[in-house]
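# Based on what follows, work out the 3D shape:
(one chain, ligands or ions: 1)
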Amino acid sequence: MQPVKAIEARDLRFSWPGQPECLSLPALDLDAGSHLFVHGPSGSGKSTLLSLLAGVLTPQAGSVSVLGQSWTGLRRPARDRFRADHIGYIFQQFNLLPYLPVVGNVTLPCKLSRRRAARAEAAGGVLVTGQLLLRSLGIGPELWDRPAAQLSVGQQQRVAAARALIGQPELVIADEPTSALDAQRREGFMHLLLAACGRAGSALVFVSHDERLATHFARSVSLAREDAAQEHVA
Ligand SMILES: Nc1ncnc2c1ncn2[C@@H]1O[C@H](COP(=O)(O)OP(=O)(O)OP(=O)(O)O)[C@@H](O)[C@H]1O
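Got it, this is the predicted structure:
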């Protein structure tokens, strides 16, 4: 039997209402635990693709399966549950709850998903797992009880990564999480994120307009118009 893929997308086509086609992708596969870099200029459809992969948007044609489950077969509440159980999402603007302490932000997915809570419990407890993740991403105990809004951009970004990774979701989706960082902090974050995904065994789809980040990945896909959805394997 073939192992279940983290992502299997076929013949995807998507247009926003009243606009020309935004995305056309014949195939996109991602093996469990492997990492993929998606790049393309602003407006090329990177965030749209991520929303299709995460089942937030529905394509006009084609299909997306995550861990062997097709989004088409799920109604909205089931989609929300499946997403909470299996996908960690790092948003471009991090989307932390500003007044909630750092550690509360990180453990939040375990309140929304029993599956992720059970995994964190099995790994030593939800709180301890959150603290360990924060530590591994360079956020020390002196910051754990501070409201998230009081952290620097680079610190918030690492908190967002810890939140995405708690409870070992099989798939982590990262939408331009490094766009606000200088070169040194960007490289540091990439190393921490890739190592944390490796430890959790999570597959990673990482999106950026910055092609230099491709050096961190064995596989990359370009959404640039002129070479529509071309794949490169290093
Ligand atoms: N909610 C929306 N409604 C209508 N059109 C949208 C919406 N979101 C995105 N678009 C359009 O879809 C196209 C692709 O946008 P998308 O945000 O996916 O690109 P992107 O590559 O992620 O861009 P960026 O790097 O600037 O974040 C753009 O032309 C954009 O205007």
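# right, and the secondary structure at the residue most central in space within the chain would be what?
Residue closest to the average C-alpha location in the chain (CA atoms, centre = their mean): residue 173, at 1.4 Å. Secondary structure, DSSP: H, G, I helix; E, B strand; the rest coil: residue 173 is strand.
# Could I get the contacting residues of it?
Applying CB atoms under 8 Å, 6 or more residues apart in numbering, we find residue 173 in contact with 50, 53-54, 87-90, 164, 204-205, 207. Heads up, the C-betas are built off the backbone N, CA and C, glycines and all.
# 10 Å instead, please
Residues near residue 173 by CB atoms under 10 Å, 6 or more residues apart in numbering: 7, 38, 49-51, 53-54, 66, 83, 87-91, 164, 202-207.
# Looking at it now. What's its pLDDT?
Residue 173 carries a pLDDT value of 97.
# Identify the bridge partners of it.
On the basis of DSSP bridges, residue 173 is bridged to residue 89, residue 205.
# What is the least confident helix or strand in the chain?
Every helix and strand in the chain was compared by mean pLDDT, DSSP states H and E; the lowest is strand 230-233, with a mean of 66.
# What pLDDT does the model give the residue nearest to residue 61 when sequence neighbours are not counted?
Leaving aside its chain neighbours, residue 61 sits nearest to residue 13 (4.2 Å; criterion: CB to CB, 6 or more residues apart in numbering). Looking at residue 13, its pLDDT reads 95.
# what is residue 13 paired to in the beta sheet?
Applying DSSP bridges to residue 13 gives these bridge partners: residue 24, residue 61.
# and it, what does it touch?
21-26, 52, 59-62.
# Among those residues, which one lies nearest to residue 99?
The shortest approach to residue 99 among these belongs to residue 52, at 32.1 Å (CB to CB).
# quick check: angle from the one helix or strand that closest one maps to to strand 171-175?
For residue 52, the host element (DSSP states H and E) is helix 46-53. Angle between the axes of helix 46-53 and strand 171-175 is 160 degrees (criterion: axes from the mean of the first three to the mean of the last three CA atoms, to 10 degrees).
# Would you pull up how far helix 46-53 lies from the middle of the chain?
Centroid displacement of helix 46-53 relative to its chain, using CA atoms, centre = their mean, to the nearest Å, is 11 Å.
# same check, this time on stretch 181-198
The mean C-alpha position of stretch 181-198 is separated from the chain mean by 14 Å, CA atoms, centre = their mean.
# Could you list the buried residues of it?
181, 185-190, 192-193, 196-197 (16 or more other CB atoms under 10 Å).
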